[in-house]
Every structure is written in structure tokens, then in C-alpha cells.
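1. just a sequence and a predicted model for now, questions to come.
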Amino acid sequence: MKNRKKSIIATVSTLVVLAIAFAVLFIPANKDIYIVQGRETEINLPVFLQTQASIEEDEAVNVNGGTEKTFTVRSEDSIKITAQERGTISVKLKAFGFIPVGSVNVHVLPDISLCPGGWLIGIKMNTRGVIVVGLEEMQTSEGEVVCPAKLAGIEVGDVLYEINGEEVNTADDVKRLFAGVQKKPAQLRLKRGKEDIKTEISAVLLDDNTYKIGLWARDNIAGIGTMTFYDENKEVFASLGHSINDVTTGIVVPVKDGSIVNAHILSVVEGQGGTPGEIRGIFYDEDEEIGTLTANTEYGLYGKLDDVALLYESDPLPIATQSEVKEGAAQIISMVDGEAPKAYDIVIEKKYNQKTKDQKGMLLRVVDEELLAKTGGIVQGMSGSPIIQDGKIIGAVTHVLVNDPTKGYGIFVEWMINEAGI
């Protein structure tokens, strides 16, 4: 009898330990969820079988129609939450009601409305520093083959931003400053990713009686993309949904300043399996700038818009966070025929719940026959096209699937408004 009792106790203890282990493994320690102020939002909390959730702050929060701050959530349940005040609400989680397993941060965003974009824009960008795009070995006047830049530890993809204490932003700055030092070693400062590097370099004398360092640099970028939205209150715009990268090195281009102009579509190359299509365009009225650039980030291009005529003919639309986005029918607003932006039907095939910023939050599929006939689906140049669902802006197109141009990815709008400083 005693042995049987011990066996039962041991079994129960083992099950409890396993349950705790599973709870800790399957419930993340922290999770971020975004909702909109004053709007009831259905969300799923990370749970294991049965979890007790509690809101400890004295916030104006309504859960499932009531004001109770402690509630039970089961694995198959979702909850409806409404918050009247902006900020962050911490929700503590306890598996089975007594095992602490982490917390969830519910970020309450302002209930804002944005003007949807859809227009094609020309982008002109000047770099902050110069991007090293090549290193070259040269024969000196003494017959030696060397590359001073390589010997100084400089690599392709580095950003050179200072020579002997003077700011460098153009290739001409590099030539001018090295013409002045010639035989004297020069002190350089560079960026390599997030790392700040100091080094010393000496130019070498060539047969043509010039001094060079064996470095090729790029100082400006140009291209086209699509406007995503405009915020009338902040007077800022967002576009692309991803960064502009240097074509040679692949690094995110550091922006010193820049501008956007009108772009005119010349032709559209249809996307096919294995080969992405593209919108081919030119800058229109290049000297007439319609906005200025302030930031180029991994999650889009941002700046101030001067000409609001570049907006889709629509009243401002509310935003929806990823908690509100659902798989199913939606639309994108794009400009592919040279006239004006137009809404086209798509399907959101998959939504990826994200705790941190990412360019790929939704898997999209184009189902609009008109757009498929014009482009074959998503093509280069459509990045930034706003995604609309149930009358709300939910994100922007970011990528096309190379092997299937009818499909692509989209970024959630909450990441873009965060980058825009709204």
C-alpha cells in the first residue's frame, strides 16, 4: 500500500515537473502586442492549457466586456481588450494559475488616420559619407604593385566619413583632401556596420605624377519606388517598406539628405517564374522637388512631403495593427499604367505574428485579373504600395517571390509608423 502511494506521489510529481517544463518552454518570457487606443481588439495570448493573466497597472482597460484585471485564458481562447489610454500595459502570465511564466506587453497606439499613397516617386539620395565600392591595386612610380586602402584595412562596404578631421560626403571630397596630403599619412574614420573604425593611410605616387589610394567610392543613389502613406498632422511620408541598399555592397545607404520627385512610367516588364519583373521609369520635372528625405531604414524611406497631390484620391483611413489583420481578402494601391494609382484585389494567405520589426509580416497573393495581365503580379517598383483591408491601412508591399511573381510579402503598418516617428 505504501509503495503504491509512493508510486502515485512520484507519478504526480513527475507530471507536475513536466507540466512546468512544458509551460516554461512553450510560453515565451516576453511578447509585444499592439492595439489601437479606444478600439476593441481581439488578441491571442501565449498560453499553455490554462493560464491566469493579470493587469497590475491602474489602467483604463476593458477585457471581454468587463473591468476585471485578473482573468483565465485557455489555449483555444482569444480575448477582446480595449484600452482608453496610450502607453504600455504589462500582462503577467501564470500557467495553471500559479506558475509565473513571463509577461506580455500590450502597446496602446494612438487612433490615427493616414492618407494612403500609391503614387510612383523618383528618389534622389546623397550619402552621409562615401560608400567604398571597390579597391584597386596600382603600380607605383617605383614599379611596386600595391593598394594603400587595402593595406590600411579598408573593406568594400565601409563608409568613409572623415579624413584628417574633415567631414567627407562626396567622392570629390576624397580627391580634394588627399591631393592636399600627398606623402603625409592621413587619418581616416569609417563605419563598418555599427562599428566605428580609425585607420591611417598613405597615398602612393604613380607614373603620371599623381597620388592615389586605390579606393573607389559612391556618393549618391537614385531609383523609383511607391509612396505608402502621408500623415497630415506630422507632415511626414513613408514609402518602400524596406531600405534602399547600395547595389554593389548591399549595405543600407546612410542618408545625408535627398529628395523625391515625380516619376513617369516608361514600361512594365512582366514578372515570370525565376525572373522578377520591374516598372521602368524616369524622373519627371527632376528639378521640381516634391519632398525631402530624412531617413533610410530597414523598414522604409521617410521624409517630409511638400506636394500632397501625390496621394491616392481617398479620405484618410484608420490604421489596423497586426492583431486586427486577418487572412483573406484585401487590396493594394499601386500605379502601374502611367495614369494614377488604382486599387487591386489580393489575398492575404498567411499572417506571421511578430514580436519585433520585420519586413515580411504577411504573405500576399495577387488575384486581380487586370493587374496580373499588366504585370504578372508584384514587380520591382511596387514596393511601398499600401495594403488596405476592411477600410483600414494594414501595411505595405515589400518583396516579390522570385519563383512566383503572383506572390510577395508585406510589412505591418505599425512598424512603419514607428519608424516615421508618428
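-> Perfect, thanks for sending it.
2. next up, the contacts around the most centrally placed residue in the chain.
-> Centroid check for the chain by C-alpha atoms, centre = their mean gives Y299 as the closest residue, at 1.7 Å. Each residue near Y299 by C-beta atoms under 8 Å, 6 or more residues apart in numbering is listed here: G241, H242, S243, K357, Q359, I411, W415, M416, E419. Using the backbone N, CA and C atoms, a C-beta is placed for each residue, glycine as well.
3. I332 versus the fifth one, what's the distance?
-> Put plainly, it is Q359. Noted for Q359: a distance of 16 Å to I332, by C-beta to C-beta, to the nearest Å.
4. neighbour count winner among those two?
-> More crowded of Q359 and I332, by other C-beta atoms under 10 Å: I332, with 27 against 20.
5. list the contacts for the more buried one?
-> Contacts of I332 (C-beta under 8 Å, 6+ apart): A343, Y344, I346, L364, V366, M382, S385, P386, I387, I388, V397.
6. repeat that with 7 Å
-> Residues near I332 by C-beta atoms under 7 Å, 6 or more residues apart in numbering: Y344, I346, S385, P386, I387, V397.
7. give me the below-cutoff pLDDT ranges for the chain.
-> 1-30, 46-50, 52, 57-59, 75-77, 97, 179-183, 286 (pLDDT under 70).
8. hmm, try it at 50
-> 12, 15, 18, 21-30 (pLDDT under 50).
9. need the distance between the two termini of stretch 400-418.
-> For stretch 400-418, the first-to-last residue distance is 24 Å (C-alpha to C-alpha, to the nearest Å).
10. the stretch 201-350 of the chain: helices as residue ranges?
-> Remark: no helices are assigned in the stretch 201-350 of the chain by DSSP state H, counting those that start in this stretch.
11. G300 is in contact with F237, isn't it?
-> No - using C-beta atoms under 7 Å, G300 makes no contact with F237, being 9.7 Å away.
12. so which of those two has more stuff around it?
-> In this view G300 and F237 are compared by other C-beta under 10 Å, and F237 has more residues nearby, 32 against 27.
13. where's that one relative to K374, distance?
-> Applying C-beta to C-beta, the value for F237 to K374 is 25 Å.
14. mind listing what V61 touches?
-> I55, I81, A83, I89.
15. again, only this time at 8 Å
-> I55, T67, K69, I81, T82, A83, Q84, I89.
16. make TSV out of these and add neighbour count.
-> Listed next are the contacts of V61 as TSV, based on neighbours: other C-beta atoms under 10 Å:
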residue	neighbour count
I55	20
T67	8
K69	15
I81	23
T82	18
A83	25
Q84	11
I89	20
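17. adding distance to I378 and secondary structure, write those residues out as a markdown table.
-> Converted to a markdown table, the contacts of V61 look like this (distance: C-beta to C-beta, whole Å; DSSP: H, G, I helix; E, B strand; the rest coil):
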| residue | distance to I378 | secondary structure |
| --- | --- | --- |
| I55 | 41 | strand |
| T67 | 45 | coil |
| K69 | 45 | coil |
| I81 | 34 | strand |
| T82 | 36 | strand |
| A83 | 35 | strand |
| Q84 | 39 | coil |
| I89 | 37 | strand |
